[in-house]
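> have a look; sequence and predicted model below, questions after that.
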Amino acid sequence: MKALILVGGFGTRLRPLTLTLPKPLVEFGNRPMILHQVEALASAGVTDIVLAVNYRPDVMISVLQKYEEQYNVKITFSIETEPLGTAGPLKLAEKILGKDDSPFFVLNSDVICDYPFQNLADFHKSHGQEGTIVVTKVEEPSKYGVVVHQPNHPSRIDRFVEKPVEFVGNRINAGIYILNPSVLSRIELRPTSIEQETFPAICADGQLHSFDLEGFWMDVGQPKDFLTGTCLYLSSLAKKNSKLLTPASESYVHGGNVLIDPSAKIGKNCRIGPNVTIGPNVVIGDGVRLQRSVLLQGSRIKDHAWVKSTIVGWNSTVGKWARLENVTVLGDDVTIADEVYVNGGSVLPHKTIKANVDVPSIIM
Amino acid sequence: MSNKALILVGGPSRGTRFRPLSLDLPKPLFEIAGHPLIWHPLTAVAKVPSIKEVYLIGYYEESIFAPYIREWSTEFPDLTIKYLREYTALGTAGGLYHFRDAIMKGNPSRLFVLNADVCCTFPLTEMLEIFEEKEAEAVLLGTRVGDDAARNFGCIVSDPKTSQVRHYVEKPESHISNMINCGVYLFSSSIFSLIRTAMENKAIRLASDPTLDPSDGDSSSVLRLEQDILGPLSDSRRFFLYETRGFWRQIKTAGSAVPANALYLQKAFQARSPEIAAPSASIVAPVFIHPTAQVDPTAKLGPNVSIGPRAIIGAGARVKESIVLEDAEIKHDACVLYSIIGWQSKVGAWARIEGTPMSVAEHSTTVIKNGVKVQSVSILSRDCKVGDEVRVWNCICLPDKELKRDVSNEIIM
């Protein structure tokens, strides 16, 4: 089987993290985002993966070569010379996606969930039509494009309603699809949208079905959602009694959902959790309080600091008695001085912050 | 020649700007750098050998000061300390005049008059020297402040060569001078005849002013030193200025207790006072820790911190530029910066109580936040409780309140 991952551009919405690493390599739950997707695809029997990108950083090539060997998959970069939207990249990769009659997966690289590739493929095969899109239930459908089914049919999609004013349904496009190669002939090689052009056309022929996603779903393309997505992901691991999580029997674990790399060091009298990931070689001092936060590789939290709803970038240092909260994001190698308060600060790499950041702001 | 000192302590209807801390304790007894406010001028007075008697003049009840006076009489055995209670507020000069017989008993040749709400080095000996050298009738302590601050105080114009005061005006609307009145005076006994003259002048003025109702309380016996006496005195040619070389701050608002605490602690540290805790990895000098307070060895204190009797500072707590009062408790890993933690108040684990740092030269104790004027320090008054991990920022919390959520730029009633 084949798959295409829509990576797109520079991931500016996830800056300052993406000033240092391309978005697919930013660690989510202590593993690069793209690795979650590659692994799930490989385990569903996918052998060919196309990354649709409009730039190709060298760092990504070397990392992905490693994954090719590790998961026994072929990973190809399909590089757009101009942005082709969400459908154009499929056409650009037609040679690979259309090389045989088997259907292919398409997924947005920002989407995190329990990828249901095997079940999705089985369902797609069972209805035998051109396309299946994964849908997820949301509480406020009025913010999204909502899927409306044909009357008296559980899965065949009738139409899409963008940001409905009146309730028409609560299932939205989750950004994961399985399509037959015949769909490629519906797409022209130009900037075009799969949601707005390709799907309505398949729909009109009665060839598009929906597949309900079980469990969590999140577009983690920006820091606030990255943190929310981390909470959902860790909760999902907890539900599965994953051995990846640090057991609640550890004295410092508070409220569960704590993922700590074995190489990290934790000081005395800390209270960590709920919803914290701690990356490799992170050093946590004594009396540190962490909750709802992501600590990336090599970062350091000094004694008695208090960190909530914050992403601490690679090799950054948070000083003693510092307090970080409200979606603060530290880029690579940032230093927060002792006793400093940061409220929603977005701090670019290599900066040292010595005075309070009282209101959410970007520190260049 | 004998001299006396008079310390003006005010009364309960005064010092409202010191709320909420003056709701539970008269301002002159509020502890700064480990001692009640008026202890500081009292120690300065005790160092002048020619002063044998000190009177505290105010309109608080006698019982409030009685136990303190007993204690100070032991601490300063060469001083006789008395409290003179005014029954009506007669103004600073009116009060002095009312007690003229008691004050003049024993014929003291000079009188020091000190406002209790002043924080400074009280260079009384230097003032005496000027007084004698110039054969003065009065010497006034002055300090220089910035242009903006000056008009909130009494402004002095003096001859740069002779230090003779040429002009004095209280809180002028326009710029007069950067030299301001510190509220510390040295008078000859002729001050009482000056006050009497001022009273007579005021009586004449009141009688000839048809817009004034004599029953509205503004009688000729109500006289303030600054407004009614210093102005006329500046015409006398025997009124001199001594400019202090030390620090000076006014203690009006509760927030001003934090810089005053810092200044008195620095003074004690420079004087190598045994009361100041020895500097170490966890003590950034100067810090005062009451002998009955319990401070965990992993807590870090200072600079400019006073910890009151029986206060408890937990493991890994951080206290900087703050006053922690009697029986207060700061739990582990909490952080207290530029704040006052009131009597019996409790600060939860990982909580953060924070004010805004002010520059040393700043005489204001307010900052503008979101267009609103707020106190620069955070204050918890008596029996307040801050929950674990809660942040309190530039807030004033009245007694007996519990804070469970983050608050900023508010007064919590």
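Received, thanks. Residues are numbered from 1 along each chain as shown, chains lettered A, B, ... in the order given.

> do you know how far whichever residue of the stretch 51-200 of chain A sits closest to chain B is from residue A:167?
Chain B sits closest to residue A:139 of the stretch 51-200 of chain A, with a gap of 24.8 Å, by C-beta to the nearest C-beta. All C-beta spots, glycine's among them, are computed from the backbone N, C-alpha and C. As judged by C-beta to C-beta, to the nearest Å, residue A:139 and residue A:167 stand 12 Å apart.

> ok, residue A:260 - contacts?
A:246, A:266, A:272, A:276, A:277, A:278 (C-beta atoms under 8 Å, 6 or more residues apart in numbering or on different chains).

> same question, residue B:42
B:7, B:54, B:72, B:76, B:79, B:81.

> neighbours of residue 22, how many?
Since you didn't name a chain, this refers to chain A. 23 (other C-beta atoms under 10 Å in any protein chain shown).

> switch to chain B, please.
19.

> try residue A:320
So residue A:320, with other C-beta under 10 Å, has 21 neighbours.

> for it, give me its contacts.
Contacts of residue A:320 by C-beta under 8 Å, 6+ apart are A:285, A:302, A:303, A:304, A:305, A:338, A:339, B:300, B:318.

> what do you get if the cut-off is 7 Å, keeping everything else the same?
By C-beta atoms under 7 Å, 6 or more residues apart in numbering or on different chains, residue A:320 lies in contact with A:302, A:303, A:304, A:305, A:338, A:339.

> most neighbours, which of the residues you listed?
For the contacts of residue A:320, the largest number of neighbours (other C-beta under 10 Å) sits with residue A:304, at 32 neighbours.

> isn't it up against residue B:333?
Yes - counting by C-beta atoms under 7 Å, residue B:333 is a contact partner of residue A:304 at 4.6 Å.

> need the overlap of contacts for those two.
The contact sets of residue A:304 and residue B:333 overlap at A:287, B:316 (C-beta under 7 Å, 6+ apart).

> okay, residue A:139 and residue A:167: which has more neighbours?
residue A:167 (9 against 6).

> gap between the more buried one and residue A:140?
10 Å.

> ok, residue A:278 next?
Counting by C-beta to C-beta - residue A:278 and residue A:140 are separated by 32 Å.

> for residue A:323, same thing?
Noted for residue A:323: a distance of 32 Å to residue A:140, by C-beta to C-beta.

> again with residue B:121
Distance from residue B:121 to residue A:140, by C-beta to C-beta: 65 Å.

> max-length helix in the chain?
No chain was given, so I picked chain A. In chain A, taking DSSP state H as the definition, the longest helix is helix A:223-239.

> wait, chain B was what I had in mind.
Longest helix in chain B, counting residues (DSSP H): helix B:191-208.

> now the helix or strand just after that one, how far from the centre of its chain.
Once the chain leaves helix B:191-208, the next helix or strand it forms, by DSSP states H and E, is helix B:231-233. The gap between where helix B:231-233 is centred and where its chain is centred comes out at 25 Å by C-alpha atoms, centre = their mean, to the nearest Å.

> buried set for helix B:231-233?
Buried residues in helix B:231-233, counting neighbours by 16 or more other C-beta atoms under 10 Å in any protein chain shown, are found at residue B:233.

> what helices or strands is that helix leaning on?
helix B:191-208 (3 or more C-beta pairs under 7 Å, 6 or more residues apart in numbering or on different chains; DSSP states H and E).

> how is the chain carved up into domains?
By default, I'm working from chain A. Chain A breaks down into these domains under the TED database: A:2-219, A:244-362.

> correction: the question concerned chain B.
Taking automatic domain parsing as the domain assignment, the ranges for chain B are B:3-250, B:275-412.

> distance between the ends of the first one?
I take that to be domain B:3-250. 25 Å (C-alpha to C-alpha, to the nearest Å).

> and residue B:166, how far is that from chain A?
44 Å (C-beta to the nearest C-beta, to the nearest Å).

> follow-up on the earlier one: which ones among the contacts of residue A:320 lie within strands?
Among the contacts of residue A:320, DSSP state E puts none in strands.

> which residues are contacting the biggest strand by length in chain A?
Longest strand in chain A, counting residues (DSSP E): strand A:171-179. Applying C-beta under 7 Å, 6+ apart, the contact partners of strand A:171-179 are A:103-108, A:111, A:113, A:120-121, A:124, A:130-138, A:141, A:144-147, A:195, A:210, A:213, A:217, A:219.

> equivalent analysis for stretch B:44-53, please.
Stretch B:44-53 is contacted from outside by B:1-5, B:54, B:76, B:79-80, B:112, B:122, B:124-125, using C-beta under 7 Å, 6+ apart.

> and the helix or strand that comes right after the longest strand of chain A, what other elements does it pack with?
Remark: after strand A:171-179, the chain's next helix or strand is helix A:199-204, criterion DSSP H and E. Applying 3+ C-beta pairs under 7 Å, 6+ apart, we find helix A:199-204 packed against strand A:157-162.

> which residues touch the strand it packs on?
Residues contacting strand A:157-162 (C-beta under 7 Å, 6+ apart): A:145-150, A:168, A:199-200, A:203, A:208-210.

> can you do 10 Å?
When contacts are defined by C-beta atoms under 10 Å, 6 or more residues apart in numbering or on different chains, strand A:157-162 is touched by residues A:131-133, A:135, A:141-142, A:144-151, A:168-169, A:171-173, A:195-196, A:199-200, A:202-204, A:206-210.

> partner strands of that strand and their direction?
Within its sheet, strand A:157-162 is paired with strand A:145-149 (antiparallel), according to DSSP bridges.

> now the angle from the partner strand to strand A:171-179?
Interaxial angle of strand A:145-149 relative to strand A:171-179 (axes from the mean of the first three to the mean of the last three C-alpha atoms, to 10 degrees): 80 degrees.

> stretch B:19-34: how far from the chain's middle?
Here stretch B:19-34 is found 10 Å from its chain centre; the criterion is C-alpha atoms, centre = their mean.

> may I see the buried residues of that stretch?
For stretch B:19-34, the neighbour count (16+ other C-beta under 10 Å) marks B:19-22, B:24-34 as buried.

> thanks again, I'm all set now.
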